[in-house]
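> Show me how the following folds:
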Amino acid sequence: MDFSLTKEQTEICRLIREASRKGLNESVFEDDEKSIFPMHKWRVCGDIGIHGLPVPGEYGGSGLDMLSTALAIQNLSRTCKDEGLIFSIVAHICTVAVPLMNHGTDDQKRKYLPKIAKGEYIGGNAITESSAGSDPTGMLTTVSKTDTAYTIEGAKIFVTNAPVSDLLIVYARHPKGMKMLDISAFIVEKGNPGLQIGQVFHKMGLRTSSMSEIVLSDCRVSPEALLGRERWGMTVFNVSMFWERIIMSAYHIGAMAQQYEMALAYANSRKQFGQNIGQFSAVSDKLIDMKMRIETSKLLLYKTCWTYDKTGDINMADASMVKLYVSDVRVKSSLDAVQLFGAYGYMKESDVEKQLRDSIASKIYSGTSEIQKKIIAENLGRKND
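Residues are numbered from 1 along each chain as shown. Here you go, the predicted structure:
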């Protein structure tokens, strides 16, 4: 694997860092405190092409491969302090744009992808239910079929972007089918009769990313709303999770780099006992750990992206290893940063206080750490292990 970046990758990363510093860091703490989705920042990201990073050029995107997409998101989160915004963007790309790219019909791609790539449409993924989280195949939401429509009945919970969404990818179960083979995915647009936004959730972190439940009551969609083949919903979902686990990890690596740079600057300026605190081994040890976690995370991420770009193979165990490791070290580094900053790091006005809150959910969303270990364990001893 060649670790040098192409000229295109280097330029994309530079442009994103520059745009992020200029237009994405205002009112971060105010929006976080009030749980406000920053629509103006979303549009800025649309203007610079972030929402359409992997979307083919014919549909208004940049047509980047997975590694280039990961590098772009990594550089976004290295400079942007609004992690809720970044979380919403990655969910939009991986659980809406990617499924449409891979499983959409030509008509669906022409209709939705240009608006998704520009950020004119905001998308979300609706699969989790109150009784079906780690095991989505246990969902209770059902779909019935007639000659002219599909009718969806049920409710979904913890749907990222739902309160501000223009379309959702909704998963529902057909009657009398096998557990893994009776789920289909549907494109449900805002305003579709029978679709309602339910309770809006207030979270510990990532507060600028809107999240709610949705209720589907006699929600009828046309046959053209089916995404992929009938009863192929888990295939659609698994591809989106493969991407999300990897690209979310890229976001966390960038956030860790931003955090490390803040911690290093503080350690080299804060004086106690007549010297910079960075000269004490108790502090420098934390900085060393933070730096090593970043570099190790990059190696895991880049290898997984590079392999996918070369082969096109969906290796869920590789994605799980990236997600498991990066989310774990993200939380550890966030705790170390708070400790390094001391009382200042515990204050709500502190960057590292917010970073810690934003990091906690990384071990839960896109599949909990326990589920990632289960996936890895099931693949131990297999080819390429």
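> what are the ranges of the helices in the stretch 151-300 of the chain?
Under the criterion DSSP state H, counting those that start in this stretch, the stretch 151-300 of the chain contains helices at 233-267, 281-311.
> Could you export the ones you listed as JSON lines, including mean neighbour count, mean pLDDT and distance to Val159?
For every residue, glycine as well, the C-beta is placed using N, CA and C. Below are these laid out as JSON lines (neighbours: other C-beta atoms under 10 Å; pLDDT from 0 to 100; distance: least, C-beta to C-beta, whole Å):
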{"stretch": "helix 233-267", "mean neighbour count": "23", "mean pLDDT": "98", "distance to Val159": "14"}
{"stretch": "helix 281-311", "mean neighbour count": "17", "mean pLDDT": "98", "distance to Val159": "27"}
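> Dump the ones you listed to JSON lines, plus distance to Glu30.
Output for these, formatted as JSON lines (distance: least, C-beta to C-beta, whole Å):
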{"stretch": "helix 233-267", "distance to Glu30": "19"}
{"stretch": "helix 281-311", "distance to Glu30": "28"}
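> Which among these is found nearest to Met1?
helix 281-311 (5.3 Å; C-beta to C-beta).
> I'd like to know which elements that closest one is packed against.
Helices and strands touching helix 281-311, by 3 or more C-beta pairs under 8 Å, 6 or more residues apart in numbering; DSSP states H and E, are helix 66-79, helix 233-267, helix 316-341.
> Kindly report the domain assignment for the protein.
7-122, 124-233, 234-378 (automatic domain parsing).
> Can you measure across stretch 181-194, start residue to end residue?
End-to-end distance for stretch 181-194, by C-alpha to C-alpha, to the nearest Å: 25 Å.
> and the end-to-end length of stretch 114-126?
21 Å.
> show me where pLDDT drops low in the protein?
179-180, 383-385 (pLDDT under 70).
> Recalculate using a threshold of 90.
Low-confidence segments of the chain, defined by pLDDT under 90: 1-4, 22-23, 133, 136-137, 147, 175-181, 349, 381-385.
> Run through the residues that contact Gly345.
Gly345 is in contact with 337-339, 352-353, counting by C-beta atoms under 8 Å, 6 or more residues apart in numbering.
> State the pair within the residues you listed that is farthest apart.
It's Gln339 and Glu353 that sit farthest apart of the contacts of Gly345, by C-beta to C-beta, at 12.0 Å.
> ok, the two, which is more surrounded?
Each of Gln339 and Glu353 has its neighbours counted (other C-beta atoms under 10 Å); Glu353 has more, 19 against 15.
> thought that one was touching Ala337?
No. Using C-beta atoms under 8 Å, Glu353 is not in contact with Ala337, being 9.3 Å away.
> Just the strands from the stretch 51-200 of the chain, written as ranges.
With strands called from DSSP state E, counting those that start in this stretch, the stretch 51-200 of the chain shows them at 123-126, 142-145, 150-160, 167-173, 183-189, 195-200.
> same for the fifth one, what does it pack against?
So that's strand 183-189. helix 98-103, strand 150-160, strand 167-173, strand 211-221, strand 226-227, helix 233-267.
> what's the angle between it and strand 167-173?
150 degrees (axes from the mean of the first three to the mean of the last three C-alpha atoms, to 10 degrees).
> and what of the longest one?
Relative orientation of strand 150-160 and strand 167-173, computed by the same axes, to 10 degrees: 120 degrees.
> so what secondary structure elements neighbour strand 150-160?
helix 83-92, strand 123-126, strand 142-145, strand 167-173, strand 183-189, strand 211-221.
> With the fourth one instead?
In terms of contacts (3+ C-beta pairs under 8 Å, 6+ apart), strand 167-173 is packed against strand 123-126, strand 142-145, strand 150-160, strand 183-189, strand 211-221, helix 233-267.
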